[in-house]
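>>> structure of the sequence below:
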Amino acid sequence: LDFANYAFNKAHAVCYAVVAYQTAWFKCHYPREYMAALLTSVLDNSDKVAGYINECKDCGIALLPPDINASEDRFTVEEGGIRFGLGAIKSCGEKAIDSIIDIRRRSGPFKDIFDFCKRLSSDLVNKRVVESLILSGAFDCTGASRAQLMAVYEAALDGANRTRKSNIVGQMSLFGDGMLEEVNPPLPNIPDFNLRTKLTFEKNMTGLYITGHPLGDYSTALAQMDMNTSRLAEIMEGEDHGLSRDGMRVEMGGMLTEFRQKATRSGNLMGFVTLEDMTGTIEALVFPKILERVSTELTPDTAVVLTGRLSIREDEDPKLLLDSVEPLMTNAEIEQAIRNGTLSKQAAAPAKKDDVLPGGTLYLRLPSDSAIAVVRPVLGRYRGEVSVVLYIESTGIKLRAPKELYVKPTRAMMDELTDMLGHKNVVLK
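Next up, the predicted model:
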């Protein structure tokens with residue numbers, strides 16, 4: 001407090017208070033405009049964009065896909081939500097985007113892929129730009145499927161270039177006095193990409209999934225996880241940069257996108273797994289003894305629950321030290337389990353935050369003594385009659401908290417502690 005008296009003086013505090021009030025006011029009264037500006041401010045950071053898009057969903061604000069006839073260079077507000085900006089699509093440079101928007105404003109919307117290629121200079125909008133726009137979904141407004149567009153876009157660009165060159169030379173049509181113009185070939189009658197392929201292309205082009213998510217069928221189970229990449233990012237931005245959570249036991253659900261093995265100095269194999277959830281990715285390390293037990297369960301493109309300990313080091317991305325792997329239940333499987341009576345609705349659905357849970361003692365497992373300072377403010381906010389026992393994992397010592405830290409065990413308190421320590425480190429009984 002003494003430090004705060006001179007380091008954060010009243011003028012400093014007032015300025016921050018005004019900014020906080022102004023941003024809160026904008027978010028309350030103009031939520032779409034506020035979130036569009038926030039998304040534009042992190043245009044080059046796909047992880048933050050994904051996090052803010054999830055916040056938009058929580059606020060009931062829809063994210064509209066990129067559209068060659070509607071998108072600007074940045075995220076913009078429309079009647080139905082926030083329109084994805086062309087500037088967030090990979091390989092689309094500033095000059096290419098500016099030319100697309102300029103031509104559209106002067107000559108009207110683009111009718112199809114052929115009209116688009118004819119009206120734009122190939123010097124600015126080349127094959128790579130057009131391919132990125134197609135795979136991101138920006139051409140969906142023309143009515144053609146992405147597979148059809150990918151099959152004809154090179155021919156459309158080549159045809160437009162030939163027409164321009166012929167007109168420059170001054171070649172005349174054999175059938176009249178007009179300049180030469182190539183006839184557009186018909187779109188091929190081929191099936192569109194499946195949903196998973198579409199979403200993978202969207203992720204490659206924009207850094208996130210827009211029209212859906214491969215984990216959409218697992219949303220109920222994911223909502224029950226005590227940790228995800230979004231929460232972990234918030235922890236890493238905290239005062240101690242997450243160092244107090246090092247060693248915390250957590251469960252994380254998502255899709256295994258990569259699994260590779262590497263020999264250690266002793267000749268044993270160690271595994272490296274990439275887990276992707278709704279907002280980002282995390283790498284999990286699988287030590288040799290654990291790998292022997294779980295290697296058959298580490299199959300890419302499978303939905304799993306990984307249990308382990310967080311490894312948080314300064315100047316490094318957080319990692320998960322894997323202990324076990326379990327399959328992630330789909331929404332349909334959870335519904336079936338509820339119908340069969342093997343799973344209760346209470347276990348499948350989040351409880352109300354102010355529910356008081358039964359139990360006479362709260363047991364908390366902490367990685368080290370330093371974590372006591374982290375949980376103390378939480379315990380202080382939920383004062384009650386239930387005793388608290390702390391187990392310090394690094395020393396093996398058990399401590400009973402003083403009476404002023406006894407708690408009223410509401411669901412909100414349990415969720416907060418679980419977010420901090422992990423599901424298996426918070427027990428009420």
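
>>> from here on, just use CA atoms for contacts and neighbour counts.
Fine.

>>> does Val250 fall in a helix, a strand, or a coil region?
Secondary structure for Val250, judged by DSSP: H, G, I helix; E, B strand; the rest coil, is strand.

>>> from Ser311, how far out is it?
Val250 sits 11 Å away from Ser311, going by CA to CA, to the nearest Å.

>>> between the two, tell me which one has more neighbours.
Val250 (25 against 20; other CA atoms under 10 Å).

>>> how about that one, nearest residue that isn't a chain neighbour?
Closest residue to Val250 apart from its sequence neighbours, by CA to CA, 6 or more residues apart in numbering: Gly422 at 4.3 Å.

>>> could you list the low-pLDDT ranges of the stretch 201-350 of the chain?
344-350 (pLDDT under 70).

>>> and the strands in it?
249-263, 269-276, 281-286, 303-311, 319-327 (DSSP state E, counting those that start in this stretch).

>>> what about the ones you listed, which gets the closest to Ser387?
Of all the strands of the stretch 201-350 of the chain, strand 249-263 sits nearest to Ser387, with 22.4 Å by CA to CA.

>>> run the angle between the closest one and strand 281-286 for me.
Orientation of strand 249-263 against strand 281-286 (axes from the mean of the first three to the mean of the last three CA atoms, to 10 degrees) gives an angle of 70 degrees.

>>> contact partners of strand 249-263?
215, 221-222, 225-228, 269-278, 298-310, 328, 421-425 (CA atoms under 8 Å, 6 or more residues apart in numbering).

>>> okay, the strands of the stretch 201-350 of the chain in a markdown table with distance to Thr163 next?
Putting the strands of the stretch 201-350 of the chain into a markdown table (distance: least, CA to CA, whole Å) gives the following:
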| stretch | distance to Thr163 |
| --- | --- |
| strand 249-263 | 44 |
| strand 269-276 | 46 |
| strand 281-286 | 46 |
| strand 303-311 | 50 |
| strand 319-327 | 55 |
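
>>> spatially central residue for the chain, please.
What sits nearest the mean C-alpha location of the chain, by CA atoms, centre = their mean, is Thr279, with 1.9 Å.

>>> OK, contacts around that residue?
Per CA under 8 Å, 6+ apart, neighbours of Thr279: 47, 50-51, 54, 228-230.

>>> and what of Ser368?
392-395.

>>> what values do phi and psi take at it?
The phi and psi values for Ser368, taken as degrees, to the nearest 10, are phi -160, psi 170.

>>> check the gap between it and Asn189 for me.
63 Å.

>>> which one of the contacts of Ser368 is nearest Arg339?
Using CA to CA, the contacts of Ser368 come closest to Arg339 at Glu393, 39.9 Å.
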